[in-house]
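[1] please work out how this folds:
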Amino acid sequence: MTTQLEPDLRPSYLEHRAMRADAERLGRLVAAAQPSDGERLEAVAAWYARYEGAIHDHHTAEEAVVYPALLERDPSFARADGELEGQHRILADRLTVARESLGGLASAAGGPSWEREAAEAVLAAAALREIIDTHTRHEEDVAFSRYRRAFTAEEFTELGRAAWKVVGARAVVFAGPWVLDHATPQERARLLAAQPLLLRLLHHLWLRPRYRRISRPLQLPSPPAAPRPEA
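    Sure, this is the predicted structure:
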């Protein structure tokens, strides 16, 4: 039997991919919103509250567990640590602005302030997308290679367990199916195969169906079919 020496960072890359993809999807959805979409926008806002919470939990775990452990092993990480935590503050602010603008847009549906709220929501979503893209790619550049050098696979798994204790069950209830929703079928099968049987059953029977209900309002309507040419 061989032992994997380096951490498997594919789940970390996948979580970043989920953040970027849904920030982009939120921007498209807000840009396409119509004054008659009030009920749908309220449902999107409910999904967004969980998305914001998942990102907050992700950064809380990094700052409480992962970054300090890396800094202890690799003091050269100090400058990057400051940069990343500074980006966390900016991202938290933009998450708040996007949440408030999305709520304002839902409340303005069908009213005289719709155009103003829509313009603000588009700007807020674009600003959020920009910082999420900047931050996640910067972290992949300055931290991920250091993780590989500083930790064994077993040590990094233990850090993940410690991080989970910091953020609690919300990391499984929403973030688990949310991240898996952005995985390829092969990635999803591999990640689920590594989990205990009870958690796999929980995912299939409750977590995944629940997430699909919550995320259904994110689906943009299909454009109308083109009329068939007359014979």
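[2] may I ask you to name the longest helix in the chain?
    helix 78-108 (DSSP state H).
[3] avg pLDDT for that one?
    Averaging pLDDT along helix 78-108 gives 98.
[4] and the next element down the chain from that helix?
    helix 114-142 (DSSP states H and E).
[5] give me the below-cutoff pLDDT ranges for the chain.
    1-4, 220-231 (pLDDT under 70).
[6] quick check: buried residues in the longest helix of the chain?
    80-81, 84, 87-88, 91, 94-95, 97-99, 101-108 (16 or more other C-beta atoms under 10 Å). In this view, the C-beta of every residue, glycine as well, is placed from N, C-alpha and C.
[7] what is it packed up against?
    In terms of contacts (3 or more C-beta pairs under 8 Å, 6 or more residues apart in numbering; DSSP states H and E), helix 78-108 is packed against helix 10-32, helix 38-61, helix 67-73, helix 114-142.
[8] what comes up buried for the following helix or strand past the longest one?
    Sequence-wise, the next helix or strand beyond helix 114-142 is helix 144-150, with elements assigned using DSSP H and E. By neighbour count, with 16+ other C-beta under 10 Å as the criterion, the buried positions of helix 144-150 are R146, Y147, R148, A150.
[9] please apply the same query to stretch 120-135.
    E120, A121, V122, A124, A125, A126, A127, L128, R129, I131, I132, H135.
[10] just the closest of those residues to L9, please.
    Nearest to L9 among the buried residues of stretch 120-135, counting by C-beta to C-beta, is H135 at 16.4 Å.
[11] now do the contacts for I55.
    I55 makes contact with M19, L91, L95, I132 under the criterion C-beta atoms under 8 Å, 6 or more residues apart in numbering.
[12] is it true that the third one touches L128?
    Looking back up the chat, that one is L95. Yes - taking contacts as C-beta atoms under 8 Å, L95 lies within contact range of L128: 6.5 Å.
[13] check contacts around the residue lying closest to S215 once chain neighbours are set aside.
    If the residues on either side of it in the chain are set aside, S215 comes closest to W47, at 5.7 Å by C-beta to C-beta, 6 or more residues apart in numbering. Neighbouring residues of W47 by C-beta under 8 Å, 6+ apart: I214, S215, P217, L218.
[14] likewise E187?
    Contact analysis of E187 by C-beta under 8 Å, 6+ apart lists R10, L14.
[15] what helix or strand is it on?
    Going by DSSP H and E, E187 is in helix 185-193.
[16] that helix vs helix 10-32, what angle?
    120 degrees (axes from the mean of the first three to the mean of the last three C-alpha atoms, to 10 degrees).
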